[in-house]
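In: A predicted structure for the sequence below; I have some questions about it.
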Amino acid sequence: MADTSVRTQPTRSPFEVGIDRIWRFFCSVRAAVAEIVLLALLVLIGTLRGSEVPGWIREYVPVTKPVVDRWYAWDVFHSLVFILLLTVIAIAITVCTINRVPGIWQSIAHPKVTTSKGYLRNADTSASFAAAGEASMLATSVVESLEKQRFRVLTEQVGNDTHIYADKHRYGKLGTFPFHLALILLLVGGIVGARYGFRNQEFVVPEGSTRAVGHNTGLSVELNRFTDSYSQLGIAQQYESDVVIYKHGKKVKSGPITVNNPITYGTTTFYQSSFGNAAELKITDASGNVIYNDALDMGIYHLSTNPDAPAGFVQLPDRGVMVTVVGPDVDPANAPQLDKLNLAPGELWVQVMPLNSQPGGAMPPNTKVMQGKTSQLDGMNIEFVREKRFAVLQVADNPGMPIFYAAAFLLVAGLAVTFYFPHRRIRGIVASTANGAEVQLVPLARRDWSGKRDFYRAVAVLQDRLGITPYVRQPEGANDWQQFANAGAGTAGSR
Amino acid sequence: MDGLVKLSFYCFAASSIAIAASAISYIVYSVGRIRVRRAMMATSAGTTVSGSMAEFGPGAAGAGRFGTMLAWFAFVFAAFAVLFRSIVAHRLPTSNMYEFSLTFLLCITGIYLVFEHMYHVKQLGAIVMTIGFGMAVYVWTLPADLREVNPLIPALNNRPIMTAHVSMAIMSYATFAVSFAAAVLYLIAEGRRISWLPNAEMLDDIGFRAVTIGFPMLSLVLILGAMWAHEAWGVYWSWDPKETAALFTWLVYGVYLHTRTLRGWRGRRSAIILLFGFAAVMFTYYGNYFFGGLHAYGGV
């Protein structure tokens, strides 16, 4: 009775099956393509949200108004679905990389050398040389020729046949790893920057004033002078803030900040962002004690009752009041009917109100004060010393930047290695025949025109070395071999 | 100085004419020609019947050669236009849509000629030069005051990085135009026996090769833009519409590159993705017209 042993698959638990399926999902290129397509769609939706396109759609197709309104309201790039998708892609890249490393390394370090005659026979592109000598001599010539063309050549003897595997740029296959690592690092850099850094987009410093940066930096910035220059056509040419940086009150750095030329101290960088007018105020109490003596920036805020005019405020907690000032509305582009105060140049409107006041109550005390003059209000002397400028700086500390630079380098290097050092492979068998020996070579370049072209180039060199006309099989309709054959010394045949 | 600016414009005008003529020549070469022959046939009744026979054949080789020569003219004149303007401005002309498009003409003709030299496929010129001509027409429609050379506004005043960032964008767009042309030709050639069109596998390869040049360039556009943004705005990524439009384009070509590793996606499907990719390029290119945000100054 015959031995009928049955090989049984080890039973796997549902947990193992589940893990396996998840692993396969993350390793799947098709799933990766779907994830990138979905990401691209979200990016497109977010991009159009920042454009006039949804508005046009709403205008021409009024029925879409509710959808378009929701579109404008949806901050795609900070939405949960977007963050989740980025997370899934990051996991997929990681899992896929872990999954692919052994296989790719195997193909680089220990590729399979042997092939089958059936494979060679069915290839749409191949070249065969028939020589009169022994198979071993032909094999040696083929190996030497390919090695001279910088191919790594591996051979294996199977019976009387010599199997050949030749490849070039094998390490190019590794280029995918730095590229995908770079994508992960970009996300990591963003997270590190957001978690451990800070960014103040409106750090306002009036001329002659010093402002603390905060964020436990111990830094403060003094603005000596702000200047803006224009061309004869009125085009802005430069905005420049001349600043001094202090660390715990000690001067540590000074110099100009212009757009595109920030100034950095330690890991904190100061950028020129904007500017405006400020009013230098001196506020004293009835006894002459100075309560406030500094420049107050105007234009960052606006009063709802006089929306176009530049306004500013300062809180005086010791007196429990807030002083609000409004400057003249000098922009001719503004609507004149919105200007209720009608202030003249050099004039300031000042209002004092309790810090805990509720809206809708009685009008707090207010007055107008001219530059260089003093007005009394709520028991205080308010002097409008003079007009000044203020600079709006951005202050940022982004510890994620070194990670970003590393990612940028890896991304470009990975792409360059992948694209410009493509892995080229040739398989072949040298066999004895009745008339001598024959070698048949095949490129691993299915539907890869450049791969086939490189193969033809290698065959042409081999043709010159052997002095034998090869028989070259090409895909239907192709005649690319001819240009290489004609360039060689011999005369080529093809079938 | 003013004279050089005018000379630059005249060179652009000459380049426009050359590119139009080149596009026509390439189209004539690519479409082929119809030969009408009169044929006499004897019938069984002993009489003869005459008739006309139309047959398609490859276009005149001379038209192709003429197209290449004119493409070279277009390239040289565009190079002079860019050179003269660069001398006046002390920088590569890349600061507004007129300058951007002028430099684009130089790059699209130059990159096309490189691909023609590599692959000897003149039919690509019928599409690439037509795109170039369309760009030239667009430049003519721009306001005349953009032809003046003005000092850079503070936001753009970072010549090394602006030159690198914008010129990379121009070159990547021009390279993607070549991949688009290859994709269109692929879709025409695939499954049809048009003897004078290049074989479909080669066209698929041209499309891929163009993307392998354009995609790293577009990556550099995003990286250099981020570095510039960090230097000018204090943040390397702001989700600005122009940034995200470039990211969208990058993702579309990312999809293309990933699908090439999938069985059955090379060829027709790849070509269709390349059409989408170039639509994304156009969307990013002309986005200044309808995007708000931090790149608004780059508009017209």
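Out: Noted; the coordinates are in hand. Numbers count the residues shown, from 1 in each chain, chains lettered A, B, ... in the order given.

In: Residue B:253 - how many residues pack around it?
Out: When neighbours are counted by other Cβ atoms under 10 Å in any protein chain shown, residue B:253 registers 26. C-beta coordinates here come from the backbone N, C-alpha and C atoms, glycine included.

In: what's it sitting at in phi/psi?
Out: Torsion angles at residue B:253 (phi, psi; degrees, to the nearest 10) stand at phi -70, psi -30.

In: Apart from its neighbours in sequence, what residue is nearest residue A:445?
Out: Of all residues not flanking residue A:445 in the chain, residue A:451 sits nearest, at 2.7 Å (Cβ to Cβ, 6 or more residues apart in numbering or on different chains).

In: what about the chain, any weak spots by pLDDT?
Out: No chain specified, so I'll use chain A. For chain A, the stretches flagged by pLDDT under 70 are A:1-10, A:359-360, A:486-495.

In: To clarify, I was referring to chain B.
Out: Where chain B drops to pLDDT under 70, the residues are B:1, B:34-35, B:53-58, B:193, B:292-300.

In: Show me the longest helix that occurs in it.
Out: For chain B, the helix that runs over the most residues, judged by DSSP state H, is helix B:200-233.

In: Can you list the helices and strands that it packs against?
Out: Here helix B:200-233 touches helix A:401-420, helix A:449-466, helix B:97-119, helix B:159-189, helix B:241-259, helix B:268-285, going by 3 or more Cβ pairs under 8 Å, 6 or more residues apart in numbering or on different chains; DSSP states H and E.

In: will you turn those into CSV that also has distance to residue A:339?
Out: Listed next are the helices and strands packed on helix B:200-233 as CSV, based on distance: least, Cβ to Cβ, whole Å:
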stretch, distance to residue A:339
helix A:401-420, 45
helix A:449-466, 69
helix B:97-119, 37
helix B:159-189, 40
helix B:241-259, 34
helix B:268-285, 42
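
In: Nearest to residue A:178, out of those helices?
Out: Closest to residue A:178 of those, according to Cβ to Cβ: helix A:401-420, at 3.7 Å.

In: Tabulate the CA atom coordinates of the closest one in PDB.
Out: Written as PDB, here are the backbone C-alpha positions of helix A:401-420 (Å, rounded to 0.1, in the frame of the first residue of the first chain):
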ATOM      1  CA  MET A 401      14.000  72.200  10.800                       C
ATOM      2  CA  PRO A 402      17.100  69.900  11.100                       C
ATOM      3  CA  ILE A 403      14.800  67.000  10.500                       C
ATOM      4  CA  PHE A 404      13.300  68.700   7.600                       C
ATOM      5  CA  TYR A 405      16.700  69.300   6.000                       C
ATOM      6  CA  ALA A 406      17.700  65.700   6.500                       C
ATOM      7  CA  ALA A 407      14.400  64.600   5.000                       C
ATOM      8  CA  ALA A 408      14.900  66.900   2.000                       C
ATOM      9  CA  PHE A 409      18.400  65.500   1.300                       C
ATOM     10  CA  LEU A 410      17.200  61.900   1.700                       C
ATOM     11  CA  LEU A 411      14.200  62.500  -0.600                       C
ATOM     12  CA  VAL A 412      16.200  63.900  -3.500                       C
ATOM     13  CA  ALA A 413      19.100  61.400  -3.000                       C
ATOM     14  CA  GLY A 414      16.600  58.500  -2.900                       C
ATOM     15  CA  LEU A 415      14.900  59.700  -6.100                       C
ATOM     16  CA  ALA A 416      18.200  60.200  -7.900                       C
ATOM     17  CA  VAL A 417      19.500  56.700  -7.000                       C
ATOM     18  CA  THR A 418      16.200  55.100  -7.900                       C
ATOM     19  CA  PHE A 419      15.700  56.900 -11.300                       C
ATOM     20  CA  TYR A 420      19.200  57.300 -12.500                       C
END
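
In: Sort out which residues of it are buried, please.
Out: A:401, A:403-408, A:410-412, A:414-419 (16 or more other Cβ atoms under 10 Å in any protein chain shown).

In: Check stretch B:251-269 too.
Out: Buried-residue list, stretch B:251-269, by 16+ other Cβ under 10 Å: B:251-260, B:265-267.

In: Over to stretch A:118-132?
Out: Within stretch A:118-132, the residues that count as buried by 16+ other Cβ under 10 Å are A:120, A:123-131.

In: ok, back up a step: which of the buried residues of helix A:401-420 sit farthest apart?
Out: Greatest spatial distance among the buried residues of helix A:401-420 (Cβ to Cβ): A:401 and A:419, at 27.1 Å.

In: what number of residues lie near residue B:284?
Out: Quick note: residue B:284 (other Cβ under 10 Å) scores 25 neighbours.

In: do residue A:84 as well
Out: With other Cβ under 10 Å as criterion, residue A:84 counts 10.

In: cool, residue A:218 as well?
Out: Other residues near residue A:218 come to 15 when the count uses other Cβ under 10 Å.

In: ok, for it, nearest residue in space, not its chain neighbours?
Out: residue A:248 (4.7 Å).

In: Hmm, residue A:207 and residue A:241 touching each other?
Out: No. Using Cβ atoms under 8 Å, residue A:241 is not in contact with residue A:207, being 9.1 Å away.

In: Please verify my assumption that residue B:219 contacts residue A:411.
Out: Yes. At 5.9 Å, residue B:219 counts as touching residue A:411 under the criterion of Cβ under 8 Å.

In: who's in contact with stretch A:328-337?
Out: Around stretch A:328-337, the neighbours that count as contacts under Cβ atoms under 8 Å, 6 or more residues apart in numbering or on different chains are A:306, A:308-310, A:338-339, A:341, A:343-347.

In: Next, give me the two most distant ones among the residues you listed.
Out: Farthest pair in the contacts of stretch A:328-337, by Cβ to Cβ: A:338 and A:346, 21.0 Å.

In: on that earlier part again, I'd like to know which of the helices and strands packed on helix B:200-233 is closest to residue A:38.
Out: Set against residue A:38 and scored by Cβ to Cβ, the helices and strands packed on helix B:200-233 come closest in helix B:241-259, at 9.9 Å.

In: how distant is that closest one from the center of its chain?
Out: For helix B:241-259, the separation from the chain centroid amounts to 18 Å (computed by Cα atoms, centre = their mean, to the nearest Å).

In: Please point out which parts of stretch A:458-478 sit buried.
Out: Using 16+ other Cβ under 10 Å as the test for burial, stretch A:458-478 gives A:458-463, A:465-466, A:468-475, A:478.

In: neighbour-wise, which of residue A:338 and residue A:346 wins?
Out: residue A:346 (15 against 12).

In: can you give me phi and psi for residue A:433?
Out: The phi/psi pair for residue A:433 (degrees, to the nearest 10) is phi -130, psi 180.
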